[in-house]
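1. after the sequence you'll find the predicted model.
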Amino acid sequence: MRVFALTFFSLAMVSAAQSSDPRQLLQQAKQLLQQPGKAREAMPLLQQANEQWQAVSSAEPAYAESLDLYVQVLRSSHDISSTAWQAEAQPLAERAVQILDAHPDTPREMLALALEIQADTLGRSSLGASAWQRASAIRGERISSMQFNAADVLKSDAMTPLRIGNGVSPPALASKVEPQYTEVARLSKVQGSVVLGIVIGTDGIPRSIKLVRGCGYGLDEKAAETVSHWRFRPGVKDGNPVAVMAQIEVNFRLL
């Protein structure tokens, strides 16, 4: 009875996939992926959606999203080696970037993710380096545009911030919150460190947050948002608090 039920469910899924619009299939897959342990059930839906879009030579952004989502789900599978994943994923990731590059109104975050996925299929430090650099530039622009804590900047911090050393003592962390993972990073099992350049004001509040080195998949923005809520005891020179430049590393590790 249990085997029959599972078989019937699988046939129902295939039947639905064959008769549904690819956009509906994509949405069904995304809903499944919001539930723990449902990645395997999402894969045939994404495959069918991609096949339908490919059959009509579609170039709509939703097709690119579906391609990238399939690549991420495939990456999270325990049944495929990294070499096999790269071989299957490379043409799909490349097609996704081509589609999004052809649409000038593509959301920048969406393009950055597609470039990061492409870079990982090629190798971030080898053939995928240029894609990774493009993605990092977009992430950096997004962080710079967020203007964390800019509204309450102190007049005493209006002058050029100082570098630590030569009589300038470093700030000390007073309180912090932990960063949160993005769903795309968790799905792709991305781990790493984000390095941010910041200015810590005389009030101990971090401002002018810039991306120095990221790990992509939305974690760069999460790191910047998190650090904006940290508070410090300010740097000191000649016994007085001063605004200083500093670098902060935020680590992301899957448990």
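-> Cool, got the structure. Computed from a predicted model, the values in this text were never measured in an experiment.
2. now do the helices in the stretch 1-150 of the chain.
-> 2-19, 22-33, 39-55, 61-76, 82-101, 108-122, 129-146 (DSSP state H, counting those that start in this stretch).
3. for the shortest one, packing partners?
-> By that I understand helix 22-33. With contacts taken as 3 or more CB pairs under 8 Å, 6 or more residues apart in numbering; DSSP states H and E, helix 22-33 sits against helix 39-55, helix 61-76. (Each C-beta comes from the backbone N, C-alpha and C, glycine too.)
4. JSON lines for the helices of the stretch 1-150 of the chain, including mean pLDDT and distance to Gly167?
-> Formatted as JSON lines, these follow (pLDDT from 0 to 100; distance: least, CB to CB, whole Å):
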{"stretch": "helix 2-19", "mean pLDDT": "43", "distance to Gly167": "68"}
{"stretch": "helix 22-33", "mean pLDDT": "96", "distance to Gly167": "54"}
{"stretch": "helix 39-55", "mean pLDDT": "95", "distance to Gly167": "55"}
{"stretch": "helix 61-76", "mean pLDDT": "96", "distance to Gly167": "50"}
{"stretch": "helix 82-101", "mean pLDDT": "96", "distance to Gly167": "49"}
{"stretch": "helix 108-122", "mean pLDDT": "97", "distance to Gly167": "41"}
{"stretch": "helix 129-146", "mean pLDDT": "96", "distance to Gly167": "30"}
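5. now Ala55: how far from His229?
-> Distance of Ala55 to His229, computed by CB to CB, to the nearest Å: 48 Å.
6. my bad, should have said Asn251
-> 16 Å.
7. got TSV for the helices of the stretch 1-150 of the chain, with mean neighbour count and distance to Val194 too?
-> Below are the helices of the stretch 1-150 of the chain laid out as TSV (neighbours: other CB atoms under 10 Å; distance: least, CB to CB, whole Å):
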stretch	mean neighbour count	distance to Val194
helix 2-19	11	38
helix 22-33	19	24
helix 39-55	19	26
helix 61-76	23	20
helix 82-101	17	22
helix 108-122	24	13
helix 129-146	17	9
